[in-house]
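*Asks:* pasting the sequence and the predicted model now:
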Amino acid sequence: MNEPHQLARDVRNSTHRDSPPRPDRSGISRRDFLKLSVAAALVGATGRLAWAADAKEEIPRRQLGRTGQQVSLLGLGGFHLGLPDEQESLRIVRTAIDNGVNFMDNCWDYTGGKSETRMGQALRDGYRDRVFLMTKIDGRDRRTAQKQIEESLRRLQTDRVDLLQLHEVIHADDPDRAFADGGVIEALVEARKAGKTRYLGFTGHKAPSIHLKMLETAAAHQFRFDAVQMPLNVMDAHFNSFEKQVLPVLVQQQIGVLGMKPMGGNVILRSQTATPVECLHYAMNLPTSVVITGCQSMSNLQQALDAARSFRALTKYEVDGLLARTADAARDGRYEVYKTTQNFDGTVRHPEWMG
């Protein structure tokens, strides 16, 4: 078993305070007993995870690192909201919230600002107070970052987000630029002091080494991130792996883990080695606080909701089977194009976004 899976099993054995009582083993099969036992034991870095699903089939909640915030296991990705027509986007957001999804992802640069604008519209009429709202900015210097923060708040029609993150930490010099005098970290800290955000984090999809350097640079400046976002999926486990290199560090430091690209922008599905639900369940089985997935149609959303409700902690046999099935396809990273190409690198195509 690889290290993160073992790590999830090694943390303290406790259940969510709202969890149902443990079943009597005599009434269920050994397979179901093992699944329930693992589900009860799987916990986050700083607290207990909700059971995978209760009798009401609600979307499970997990703790976001050391923040104490409870977020839905399933998060709604922001980029895809700019792709369908406006009414469909609004319907996706509100349906997700009405079905128990409280984690909303977005970014200043998604679809030219359309994604934030649509989410802002969807969060009217009391929906804003029902969600944990996150957005990201690209600016690497203080002034550019401040401008983008204000633009994001205006589009989202709110005076604060719950989590503000530096987007696309994919360049080798990003950590040094972020923490330099006049760098973006100053703008993020100012935004937190001004009540424009509660928590701070960063995201990236390119290389685990850059994530680790960002964490090390933060520590050298006596700064601690509240959350980190990165790809976690069945392919990543085999190639230049965030799961193996970064995830254990986040768990040890009690930093919230935001898993993204569970299907690699749907590219992983082309390998025909795992189904969409298997991809979602694999990411959910890791010690993630939330698994963010894009939904550009109601059918996409329904599939994601069903996956979150049906999730049960995977057995070692199930995990090993998925990893064996995906190993050959994942070996050279060809299905993780966000790592091996610049197709997902918005700040490479638009360096002016960084300032």
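*Replies:* Yep, that arrived.
*Asks:* how near is residue 232 to residue 179?
*Replies:* 26 Å (CB to CB, to the nearest Å). Quick note: C-beta positions are derived from backbone N, CA and C, even for glycine.
*Asks:* which one's more surrounded, these two?
*Replies:* Ranked by neighbour count (other CB atoms under 10 Å), residue 232 and residue 179 place residue 232 first, with 28 against 17.
*Asks:* where do the helices of the stretch 151-300 of the chain begin and end?
*Replies:* 174-179, 184-193, 208-220, 242-245, 247-252, 276-285, 298-310 (DSSP state H, counting those that start in this stretch).
*Asks:* any chance of JSON lines for those helices, columns distance to residue 335 and mean pLDDT?
*Replies:* Formatted as JSON lines, these follow (distance: least, CB to CB, whole Å; pLDDT from 0 to 100):
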{"stretch": "helix 174-179", "distance to residue 335": "25", "mean pLDDT": "98"}
{"stretch": "helix 184-193", "distance to residue 335": "32", "mean pLDDT": "98"}
{"stretch": "helix 208-220", "distance to residue 335": "17", "mean pLDDT": "98"}
{"stretch": "helix 242-245", "distance to residue 335": "15", "mean pLDDT": "98"}
{"stretch": "helix 247-252", "distance to residue 335": "20", "mean pLDDT": "98"}
{"stretch": "helix 276-285", "distance to residue 335": "11", "mean pLDDT": "98"}
{"stretch": "helix 298-310", "distance to residue 335": "20", "mean pLDDT": "97"}
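*Asks:* and the residue lying closest to residue 205 once chain neighbours are set aside, what does it touch?
*Replies:* Distances taken as CB to CB, 6 or more residues apart in numbering put residue 338 closest to residue 205, at 4.3 Å, once the chain neighbours are dropped. When contacts are counted by CB atoms under 8 Å, 6 or more residues apart in numbering, residue 338 touches 205-206, 231, 261, 264-265, 344.
*Asks:* most tightly surrounded among the helices of the stretch 151-300 of the chain?
*Replies:* Among the helices of the stretch 151-300 of the chain, helix 276-285 has the highest mean neighbour count (mean count of other CB atoms under 10 Å), at a mean of 23.
*Asks:* which residue would you name as the spatial centre of the protein?
*Replies:* Centroid-nearest residue in the chain, with CA atoms, centre = their mean: residue 258, separated by 2.6 Å.
*Asks:* now for the closest residue to that one other than its chain neighbours, how many residues are close by?
*Replies:* With sequence-adjacent residues excluded and distances taken as CB to CB, 6+ apart, residue 258 is closest to residue 229, at 3.8 Å. Using other CB under 10 Å, residue 229 has 27 neighbouring residues.
*Asks:* which strand residues sit across from the residue nearest to the centre of the chain in the sheet?
*Replies:* In this structure, residue 258 bridges to residue 229, residue 290 when assessed by DSSP bridges.
*Asks:* that one contacts residue 292, correct?
*Replies:* Yes: if you go by CB atoms under 8 Å, residue 258 and residue 292 touch, sitting 6.2 Å apart.
*Asks:* now the common contact residues for these two.
*Replies:* Common contacts of residue 258 and residue 292, defined by CB under 8 Å, 6+ apart, comprise 75, 105, 229.
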